[in-house]
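J.: Have a look at this prediction, sequence included:
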Amino acid sequence: MLSRAPPRSCSGGAGNVRCRHDAPSRRPWVPAGGLARGGQRAGVKLVAARPATRTVVVAAAAGERRPVGPERVAAVADGTMLANGSAVAGISKLVTSTIGKSTNILWHDCPIGQNERQKLLNQKGCVVWITGLSGSGKSTLACALSRELHSRGHLTYVLDGDNLRHGLNRDLSFKAEDRVENIRRVGEVAKLFADAGLICIASLISPYRSDRSACRNLLPNSSFIEVFLNAPLEICEARDPKGLYKLARAGKIKGKNEKPTDCRCLLFTRKAYQGKSPVGFTGIDDPYEPPSDCEIVIQCNIGHCPSPKSMADQVVSYLEANGFLQD
Ligand SMILES: Nc1ncnc2c1ncn2[C@@H]1O[C@H](COP(=O)(O)OS(=O)(=O)O)[C@@H](OP(=O)(O)O)[C@H]1O
Ligand SMILES: Nc1ncnc2c1ncn2[C@@H]1O[C@H](COP(=O)(O)OP(=O)(O)O)[C@@H](O)[C@H]1O
């Protein structure tokens, strides 16, 4: 199967997407057979390479919020680009890419893809990304939503920040750069689950807008559904189910990078304490940037907070209305 340029080789937001590759560009990049697959790819165009820098603009999708995905573009070694994964006659050598620290890597494709899996599951793969302060009810909503969808015959999987820090992200602390990496990894995992056809429910504080936006940009338009659990700090702090707000107010989280005061609560690895960046507690002495344009806001006020079931119903209604609960 022909190698295709994977999305991680690309950078840039809506519009042009730049990809690097190792092969010299001797010929102009040309679209072959158009980019449309079943007419769905209209608006995507290939544009010329810049051989001098070997930086190649792969594709531009008008009006899209994310980089153009690998399914749309295939590259061959002499600098000819073609679409739909089909090769130009006589050109057989494949381009390898450098992605991050990986050199000489190719994208391998399988005949059973997201469409086939979605048909099997009778749903559309997507990511429901729940963001909010600690104690706002993210995990509660994630579980209620998962239960509700499961009872309707839909396959879901919950990625919970706390839980992932027990395994995949156990090497990360709560200093800013580790939170960024935490969200990046979960975004990538969520993308895989959505590609698998599942309704992936990610529940993390995810305090920085730019990180959530980067996760959104990993997914096709509209299949990243950001849910802001807008519970004010007063409510979260009053709940304080893990006693972390109390610790934070007592100054026992910030500046305790070197020596943990309470390892049972803080889930920090010993290594993380050797980091230089300060660790604060979100909402107290670490920032939380609320979404400005998310799909769903669940409002929780003092004296009135919707029940977990009604929060879940709000999300289910959105999924239903937007066609995610059928293929
Ligand atoms: N310093 C600090 N700041 C915020 N949260 C902290 C901290 N230390 C530990 N915890 C606990 O870790 C849970 C948040 O993990 P996340 O992976 O969702 O955080 S983040 O998105 O990387 O900011 C969070 O869980 P939830 O309460 O479920 O949100 C906390 O219980
Ligand atoms: N809608 C709700 N109404 C009342 N209490 C809630 C609601 N959602 C969550 N809670 C309670 O708030 C606390 C924090 O909820 P949790 O789901 O653990 O939040 P988070 O995952 O955001 O830290 C828990 O004790 C939970 O029972």
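T.: Sure, I can see it. Ligands and ions are numbered 1, 2, ... in the order given.

J.: what residues does the stretch 1-150 of the chain put near ligand 1?
T.: Residues of the stretch 1-150 of the chain lying near ligand 1 by CB under 6 Å from any ligand atom: Ser134, Gly135, Lys138, Ser139. For every residue, glycine as well, the C-beta is placed using N, CA and C.

J.: count of neighbours near the second one?
T.: The burial metric for Gly135, expressed as a neighbour count using other CB atoms under 10 Å, is 24.

J.: what does the first one give?
T.: Neighbours of Ser134 under the rule other CB under 10 Å: 24.

J.: got the phi/psi numbers for it?
T.: Note on Ser134: backbone dihedrals following degrees, to the nearest 10 are phi -60, psi 130.

J.: Just confirm it contacts Gly280, I think it does.
T.: No: counting by CB atoms under 8 Å, Ser134 stays clear of Gly280, with 11.9 Å between them.

J.: Specify which member of the residues of the stretch 1-150 of the chain next to ligand 1 is nearest to Ile235.
T.: Closest to Ile235 out of these is Gly135 (7.6 Å), distances taken as CB to CB.

J.: Could you look up the SS state of the nearest residue to that closest one once chain neighbours are set aside?
T.: Take Gly135 and drop its neighbours on the chain: the residue closest to it by CB to CB, 6 or more residues apart in numbering is Cys236, 3.6 Å away. The three-state assignment at Cys236 reads helix, by DSSP: H, G, I helix; E, B strand; the rest coil.

J.: Just the pLDDT at Cys236, thanks.
T.: Cys236 carries a pLDDT value of 98.

J.: hey, where'd the helices end up in the stretch 101-250 of the chain?
T.: Using DSSP state H, counting those that start in this stretch, the helices of the stretch 101-250 of the chain run over residues 114-121, 138-151, 161-164, 176-195, 209-216, 233-239, 244-249.

J.: Now render the residues of the stretch 1-150 of the chain next to ligand 1 as a markdown table, adding pLDDT and distance to ligand 2.
T.: A markdown table is the format used below for these (pLDDT from 0 to 100; distance: CB to the nearest ligand atom, whole Å):
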| residue | pLDDT | distance to ligand 2 |
| --- | --- | --- |
| Ser134 | 98 | 5 |
| Gly135 | 98 | 5 |
| Lys138 | 98 | 3 |
| Ser139 | 98 | 3 |
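
J.: Mind picking the one among those that's closest to ligand 1?
T.: For those, the residue nearest ligand 1 by CB to the nearest ligand atom is Ser134; the value is 3.3 Å.

J.: what's near enough to touch the closest one?
T.: Ile205, Cys236, Lys242, Leu244, Tyr245, Phe281, Thr282, Gly283 (CB atoms under 8 Å, 6 or more residues apart in numbering).

J.: And the fourth one, how close does it get to Val279?
T.: Here the distance between Leu244 and Val279 works out to 12 Å (CB to CB, to the nearest Å).

J.: what's the overlap in contacts for the two?
T.: Common neighbours of Leu244 and Val279 (CB under 8 Å, 6+ apart) are Ile253.

J.: can you count the residues close to the residue nearest to Gly135?
T.: 22.

J.: And Ser97, by the same measure?
T.: Ser97 has 24 nearby residues by other CB under 10 Å.

J.: One more: Gly283?
T.: 21.

J.: what sits against it?
T.: Contact analysis of Gly283 by CB under 8 Å, 6+ apart lists Leu133, Ser134, Leu233, Cys236, Glu237, Tyr245.

J.: coming back round to it: pretty sure the residue nearest to Gly135 sits against Leu133.
T.: Yes: between Cys236 and Leu133 there is a contact at 4.7 Å, judged by CB under 8 Å.

J.: quick one: low-confidence parts of this structure?
T.: Along the chain, the parts satisfying pLDDT under 70 run over 1-93, 255-276.

J.: Report the separation between the residue nearest to Lys119 when sequence neighbours are not counted and Glu148.
T.: On the basis of CB to CB, 6+ apart, the spatially nearest residue to Lys119 that is not a chain neighbour turns out to be Asp327, at 5.1 Å. Asp327 sits 19 Å away from Glu148, taking CB to CB as the criterion.

J.: what residues does the stretch 1-150 of the chain put near ligand 2?
T.: By CB under 6 Å from any ligand atom, the part of the stretch 1-150 of the chain that sits against ligand 2 consists of Gly132, Ser134, Gly135, Ser136, Gly137, Lys138, Ser139, Thr140.

J.: Which residue, other than its chain neighbours, is closest to the residue of the stretch 151-300 of the chain found nearest ligand 1?
T.: Among all residues of the stretch 151-300 of the chain, Gly161 sits closest to ligand 1, at 2.4 Å; criterion: CB to the nearest ligand atom. Among residues not flanking Gly161 along the chain, Leu204 sits closest, at 3.6 Å (CB to CB, 6+ apart).
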